[in-house]
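Enquirer: Next input, structure requested:
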Amino acid sequence: MGDVAAKIKVMPNSPEVDLDELQDDLEAALPQGARIRGFERDDVAFGLVALLPTVIVPDDAGGTEAVEEAFAAVEDVESVAVENVGRL
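Expert: Numbers count the residues shown, from 1 in each chain. Just a heads-up that it's a prediction; the model follows:
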């Protein structure tokens, strides 16, 4: 048993969203046992920037669903999508 690393694309609901604040909110929303290994930013269009946190979840946590649900519930998040998943 190991950990699973997932890159998750989080789209803010407007270009005015403070991305540093959103990163803090995402970290605060993480389910127990999950952790963020780093953030990337991706310029999408029209000034909109997506956050791409790499989230580490324990193998026995049932995948990334709990993280996706937690991120989707964060204020200012428009959508959440898993970009890729791999084992560590």
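Enquirer: for this protein, which spans come out with low pLDDT?
Expert: Confidence mapping of the chain against pLDDT under 70 gives the ranges 1, 61.
Enquirer: what about 80?
Expert: Across the chain, the ranges flagged by pLDDT under 80 are 1, 61-62.
Enquirer: report the longest helix in it, please.
Expert: In the chain, with assignment by DSSP state H, the single longest helix is helix 19-29.
Enquirer: For the helix or strand just after that one, enumerate the helices and strands it packs against.
Expert: As assigned by DSSP states H and E, the chain's next helix or strand after helix 19-29 is strand 35-45. Packed against strand 35-45 by the contact rule (3 or more CB pairs under 8 Å, 6 or more residues apart in numbering; DSSP states H and E) you find strand 3-12, helix 19-29, strand 48-58. Backbone N, C-alpha and C define where each C-beta goes, glycine included.
Enquirer: any idea how far Val55 is from Glu40?
Expert: 12 Å (CB to CB, to the nearest Å).
Enquirer: and the two? which has more neighbours close in?
Expert: Ranked by neighbour count (other CB atoms under 10 Å), Val55 and Glu40 place Val55 first, with 26 against 12.
Enquirer: hang on, the earlier thing: go through the longest helix of the chain and flag the buried ones.
Expert: With burial defined by 16 or more other CB atoms under 10 Å, the residues of helix 19-29 counted as buried are 19, 22-23, 25-26, 29.
Enquirer: quick one, that helix and strand 3-12 angle?
Expert: Helix 19-29 runs at 140 degrees relative to strand 3-12, counting by axes from the mean of the first three to the mean of the last three CA atoms, to 10 degrees.
Enquirer: Overlap in contacts, Val55 and Glu40.
Expert: Residues touching both Val55 and Glu40 by CB atoms under 8 Å, 6 or more residues apart in numbering: Lys7.
Enquirer: before we move on, back to that, the longest helix of the chain packs against which elements?
Expert: When contacts are defined as 3+ CB pairs under 8 Å, 6+ apart, helix 19-29 sits against strand 3-12, strand 35-45, strand 48-58, helix 65-72.
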